[in-house]
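Asks: Make a model of this:
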Amino acid sequence: MTRSQGPVVALVPAAGQGVRLGESKPKAFVDLGGKAMLIHAVDGLLRSGAVDRVIVIVPEEMVEATQAMMSGDVTVVAGGSERTDSVRAGLAVADDARYVLVHDAARALTPPSLIARVVAELRSGRSAVIPVLPVSDTIKTVDVLGAVTSTPERSELRAVQTPQGFTAELLRRAYAEANGVATDDAGLVERLGERVRSIVGEPTAFKITTPLDLLLARALVEEGTR
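Replies: Numbers count the residues shown, from 1 in each chain. As a prediction, the model looks like this:
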C-alpha cells in the first residue's frame, strides 16, 4: 500500500457498558470464541493491511489491563463517559494521522476486506466514507406517545456500519464544532455541510448489541467465520 499520503489511524471507542447485552462486564470485553470482542475488532483492523496504528479507548481503570492484552501497534488510552468524549481522547493522541477510522468494538466480526475498501476510498480522494446496507424492514417514525407519524421510503434508507473513515482534518473540525452527544461520526460531518460517501457494507459487520446478536456472533466464530 502507498504510504506517501500519510498514515491511517483507527480509533476504537470501547468505554461503553453495553447494558442491553446483559453481561456483567463492559461490552467490548465480553468473550467471543475465547477472545474479547475488542480483540477481534482490533485484529480485523490490523489484518486489513490498510491501518498503520490502532488507538483503543477504554475506561480509565482498564487501561493497563487492556494494553497487556494487545499486540501490534496498538495504543490504549482512557475515554470519557460519552462516546464523543472517547473519540476526542483518541484524536488527541492521533496527531500523526492523515486519515482516521472510527470503528465500533461491538462490530467484532467486520471483515478486513471491508476495512481496506473504506481506506481505499479515502486514499482515492474521498473525505468521508461510511459502509451501509439496505434496510429490509419497513420503518415508522412515531411520537412520544407511540403514534405513527410517517413511513419513510424504504428504498432511500440505509443501515450504517463501521469503520467510518475521514480525513483527519475533517473529523477534527467536526468534533471541534460538535454540540452535545453524537452516536454517529458521519452525522457530525454532515452538520458541516460536507459530503459523506457511502459504500456497500457487509452482513457480518453487524453490531453485537443484544443477547441474540451475541448468540449469532458466537455461532459464526464457532463455524470459522472469524
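
Asks: Ignoring the adjacent residues along the chain, who's closest to the residue positioned nearest the centre of the chain?
Replies: Nearest to the mean C-alpha position of the chain, by C-alpha atoms, centre = their mean, lies His103 at 2.1 Å. In this structure, His103 finds its nearest non-sequential neighbour in Pro163, 3.9 Å apart by C-beta to C-beta, 6 or more residues apart in numbering. Glycine gets a C-beta too; all of them are placed from N, C-alpha and C.

Asks: can you give me the helices in this structure?
Replies: Taking DSSP state H, the helices of the chain run over residues 37-47, 63-69, 83-92, 112-123, 168-176, 185-191, 211-222.

Asks: in the chain, which ranges drop under the pLDDT threshold?
Replies: 1-4, 17-24, 180-181, 225-226 (pLDDT under 70).

Asks: Verify the stated contact: Asp184 with Thr162.
Replies: No - counting by C-beta atoms under 8 Å, Asp184 does not reach Thr162; the two are 9.4 Å apart.

Asks: which of these two has more neighbours?
Replies: Legend: neighbour count by other C-beta atoms under 10 Å for Asp184 and Thr162, higher for Thr162 (28 against 14).

Asks: which residues does the more buried one contact?
Replies: Leu101, Val102, His103, Asp104, Arg107, Thr110, Ile130, Pro131, Ala205 (C-beta atoms under 8 Å, 6 or more residues apart in numbering).

Asks: likewise Val12?
Replies: By C-beta under 8 Å, 6+ apart, the contact set of Val12 is Leu38, Ala41, Val42, Leu45, Val54, Ile55, Val56, Ile57, Gly90, His103, Asp104, Ala105.

Asks: switch the cut-off to 7 Å
Replies: Taking C-beta atoms under 7 Å, 6 or more residues apart in numbering as the criterion, Val12 is in contact with Ala41, Val42, Val54, Val56, Ile57, His103, Ala105.

Asks: This completes my enquiry, with thanks.
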